[in-house]
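Trainee: only geometry, no sequence info:
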């Protein structure tokens, strides 16, 4: 599902001061990693580089997959090799060549999927980086 | 738009330790305030009560309204009077009578609306709590 072309993700991050940030971004899924592209100077990049973590949501509000992820690496878009090619192949834009952009490569640790709140219990499908389904 | 029946909102919050949280919730818009209902023990309630702030997104990823909001008050759902009635009238569920639930009443401070990233500049439609449009 995460390999769907031109799919988007909501990315929530927090500053060291405890201020939340949230933006929608294009998503790629390659080599079992979630990949987003942002300006290195953006709140999202700075927050995730600082905390090493992001909470992400894929899908509409009532058929959602929530992901708690850890930053594995931050790569300049023009030094990303296969990663950059994989991102550009899935997303509907190509950040390569855009000055100041980086890829954030995130490893999912916990994944939950639900439609409505009464389903949340028991809907963990990944825990500690291991798929349960 | 925010008064649309059965509308949802993405709510991002942060803990004092700088850990981001994100959940989709039902939204009500009454008396110029955004209202959500959550368990008082939830991460969302604790984060927002602690920081006094939330960042919220309404709409799909490519036609989104982003709101930076401040907590005005936190009210037990069964002591909310007209607020509870307004929430139940707009949302497709009624938290009143559910033990442990509270309404968080949030005042929008900054609002931005865009479809794609190239539109973000100039799309601030509220600043410092004042509508610019």
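Mentor: Ah, there it is. What you are looking at is a predicted structure, and each value in this text was computed from that prediction instead of being measured.

Trainee: quick one: the residue nearest to residue A:36 when sequence neighbours are not counted from residue A:46, how far?
Mentor: Of all residues not flanking residue A:36 in the chain, residue A:25 sits nearest, at 4.8 Å (Cβ to Cβ, 6 or more residues apart in numbering or on different chains). Yep, even glycine has a C-beta here, placed from its N, CA and C like the rest. Distance of residue A:25 to residue A:46, given as Cβ to Cβ, to the nearest Å: 15 Å.

Trainee: just for chain A, where's the confidence low?
Mentor: Low-confidence segments of chain A (pLDDT under 70): A:117-122.

Trainee: was I right to think residue A:36 contacts residue A:102?
Mentor: No - applying Cβ atoms under 8 Å as the test, residue A:36 and residue A:102 come out as separate, 9.4 Å apart.

Trainee: spell out which parts of chain A neighbour chain B.
Mentor: A:8-10, A:12-24, A:47, A:50-51, A:53-57, A:60-62, A:64, A:66 (Cβ under 8 Å from any Cβ of the partner chain).

Trainee: okay, and the residue nearest the centre of chain A sits in which element?
Mentor: Closest residue to the average C-alpha location of chain A: residue A:34 at 4.9 Å, with Cα atoms, centre = their mean. Element membership for residue A:34 (DSSP states H and E) is strand A:33-39.

Trainee: other SSEs contacting that strand?
Mentor: When contacts are defined as 3 or more Cβ pairs under 8 Å, 6 or more residues apart in numbering or on different chains; DSSP states H and E, strand A:33-39 packs onto strand A:8-14, strand A:20-26, strand A:28-30, helix A:43-51, strand A:64-76, helix A:82-90, strand A:101-114.

Trainee: dump the ones you listed to CSV, plus mean neighbour count.
Mentor: CSV is the format used below for the helices and strands packed on strand A:33-39 (neighbours: other Cβ atoms under 10 Å in any protein chain shown):
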stretch, mean neighbour count
strand A:8-14, 27
strand A:20-26, 23
strand A:28-30, 20
helix A:43-51, 19
strand A:64-76, 18
helix A:82-90, 17
strand A:101-114, 20
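
Trainee: make CSV from these and add distance to residue B:40 to it.
Mentor: Listed next are these as CSV, based on distance: least, Cβ to Cβ, whole Å:
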stretch, distance to residue B:40
strand A:8-14, 21
strand A:20-26, 19
strand A:28-30, 36
helix A:43-51, 26
strand A:64-76, 21
helix A:82-90, 41
strand A:101-114, 21
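
Trainee: right, I'll leave it there.
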